[in-house]
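Engineer: sequence first, predicted model second:
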Amino acid sequence: MKKWILWVMAWVAVLPMVSFAQNIWDIDVSFCNSWIENDNYFTLVTEAGKTENVCVNIKNTSWKPVSLHIDFVDGAISDQWNSVCFAPDYQQKEFSKYISQFDTDINLQWWEIVQKEYKLQYPIGFSGLSHGCISYYINSDKENEGGVSMIFRKVNRIDVLVWWTEVSSRIKINNIFYTWSIDSNKLWFNIENNGNIDQEVTITWYVNWWFNYSEIFDLWSFVLKAGESALVYTNELHIPRYKGKFFANSFISNEPSVDFSIAHSNIYDNEYSVAGTVLVDVPFFLWNRWFVILIVLVVALMCALIWRFSKGKKRK
């Protein structure tokens with residue numbers, strides 16, 4: 001009996017230091033584009049690379065305004081086939097990072113209904129089941145110094161089946177040109193990713209000419225997004241002062257760049273998993289002022305010879 005009395009006294013002492021989030025049960029969050037009768041549960045069948053809308057109705061049924069905090073978090077199916085939702089700081093994200101364009105904090109007046117649309121897009125190469133949740137709680141304005149703050153969350157489940165989309169991997173090179181001056185020279189070109197998946201691109205240049213001149217250096221290694229292009233250029237080329245005709249060989253390798261677990265992907269089981277290589281051979285000519293002087297002298301000499309030959313022919 002004394003133990004029970006001590007427990008009750010302990011709870012009475014702790015209770016003033018505990019603040020409870022108020023009215024979370026007065027907030028109703030439902031999916032407005034759900035395909036089933038239960039609008040608190042959203043299912044979707046989509047394809048990798050396709051943008052989908054997740055429509056959510058948020059209703060405050062209380063008689064005072066509230067500030068609501070929303071998170072999209074990852075979910076899973078337990079060994080007992082129960083749906084579980086992870087905390088927002090869960091590290092291995094397989095759902096939440098593919099949600100974009102959403103406000104984390106929403107202010108609601110009493111009995112106000114707000115409709116929000118969020119964008120969901122899985123990258124090319126992703127396939128399989130993806131489980132997630134929308135998690136929400138009421139922001140508290142109370143500061144609990146030395147106390148215990150308890151946050152009550154409510155969650156709605158989201159299950160998505162993502163169909164495989166064939167990977168299109170195409171890197172294209174165009175608009176090759178060069179700039180040069182007396183002291184420095186650079187080669188430029190435009191590289192395009194015409195496929196539907198991001199590519200990890202690595203470019204190596206090899207420039208050579210006669211008299212044992214050659215130069216090898218790595219240019220860039222970067223991720224080129226699907227459908228985007230980039231203007232790249234070499235470092236300064238240490239071209240000999242005598243200039244002339246040179247040959248630049250560029251080796252451009254690329255392989256798909258993914259940011260999700262291969263457990264949800266068969267991208268590594270097809271031909272696109274092998275890094276592609278493009279060889280670009282660019283001949284270019286750089287002028288030297290001595291070339292110009294030499295050409296002028298040769299032209300002048302030829303003109304003089306022609307003039308002298310024609311004059312001697314007239315005398316005969």
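Structural biologist: Yep, that arrived.
Engineer: avg pLDDT for the helix or strand harbouring Ile306?
Structural biologist: Using DSSP states H and E, Ile306 maps to helix 289-315. Averaging pLDDT along helix 289-315 yields 75.
Engineer: stretch 252-270 now?
Structural biologist: 66.
Engineer: cool, stretch 201-218 as well?
Structural biologist: 77.
Engineer: okay, now the residue lying closest to Ser214 once chain neighbours are set aside: neighbour count?
Structural biologist: In space, and not counting its chain neighbours, Ser214 is closest to Asn208: 4.1 Å by C-beta to C-beta, 6 or more residues apart in numbering. The C-beta positions use only the backbone N, C-alpha and C, and glycine is treated the same way. Number of residues near Asn208 (other C-beta atoms under 10 Å) recorded here: 13.
Engineer: right, and Asn208 touches Phe246 too?
Structural biologist: Yes. Contact criterion C-beta atoms under 8 Å: Asn208 and Phe246 qualify, at 7.1 Å.
Engineer: run a quick neighbour tally on Leu305.
Structural biologist: 10.
Engineer: so how far is Val292 from it?
Structural biologist: 20 Å (C-beta to C-beta, to the nearest Å).
Engineer: what residues does Asn254 make contact with?
Structural biologist: Contact analysis of Asn254 by C-beta atoms under 8 Å, 6 or more residues apart in numbering lists 169, 171, 199-202, 224, 275-278.
Engineer: if we use 6 Å, what do you get?
Structural biologist: By C-beta atoms under 6 Å, 6 or more residues apart in numbering, the residues touching Asn254 are 171, 199, 201, 276.
Engineer: could you export those residues as CSV, including distance to Ile113?
Structural biologist: Below are those laid out as CSV (distance: C-beta to C-beta, whole Å):
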residue, distance to Ile113
Ile171, 49
Gln199, 44
Val201, 48
Gly276, 52
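Engineer: these: which two are farthest apart?
Structural biologist: Val201 and Gly276 (10.0 Å; C-beta to C-beta).
Engineer: so between the two, which is more surrounded?
Structural biologist: Val201 (23 against 16).
Engineer: sheet partners, orientation included, of whatever helix or strand that one lives in?
Structural biologist: Element membership of Val201 [criterion: DSSP H and E] is strand 199-208. Neighbouring strands of strand 199-208 in its sheet, by DSSP bridges, are strand 214-224 (antiparallel), strand 244-256 (antiparallel).
Engineer: which elements pack onto the host helix or strand of Ile158?
Structural biologist: Using DSSP H and E, Ile158 sits within strand 154-163. The contact analysis (3 or more C-beta pairs under 6 Å, 6 or more residues apart in numbering; DSSP states H and E) places strand 154-163 against strand 41-47, strand 128-138.
Engineer: and the shortest one with strand 128-138, angle?
Structural biologist: Same thing as strand 41-47. Put simply, strand 41-47 runs at 140 degrees to strand 128-138, going by axes from the mean of the first three to the mean of the last three C-alpha atoms, to 10 degrees.
Engineer: in its sheet, what does strand 41-47 sit against?
Structural biologist: As assigned by DSSP bridges, strand 41-47 forms pairs with strand 154-163 (parallel).
Engineer: can you name the element that comes right after the strand it pairs with?
Structural biologist: Using DSSP H and E, the first helix or strand after strand 154-163 is strand 171-180.
Engineer: spit out the contact partners of Asn53.
Structural biologist: So Asn53 contacts Glu117 (C-beta under 6 Å, 6+ apart).
Engineer: local confidence estimate at it?
Structural biologist: 90.
Engineer: now it: how far from Ile99?
Structural biologist: 11 Å.
Engineer: next: Lys50.
Structural biologist: For Lys50 relative to Ile99 (C-beta to C-beta), the value is 14 Å.
Engineer: repeat for Leu161
Structural biologist: Taken as C-beta to C-beta, the span from Leu161 to Ile99 is 16 Å.
Engineer: higher neighbour count, these two?
Structural biologist: Legend: neighbour count by other C-beta under 10 Å for Leu161 and Ile99, higher for Ile99 (19 against 13).
Engineer: so what's the more buried one bridging to?
Structural biologist: Going by DSSP bridges, Ile99 forms beta bridges with Leu120.
Engineer: that one touches Phe72, doesn't it?
Structural biologist: Yes. Between Ile99 and Phe72 there is a contact at 4.4 Å, judged by C-beta atoms under 6 Å.
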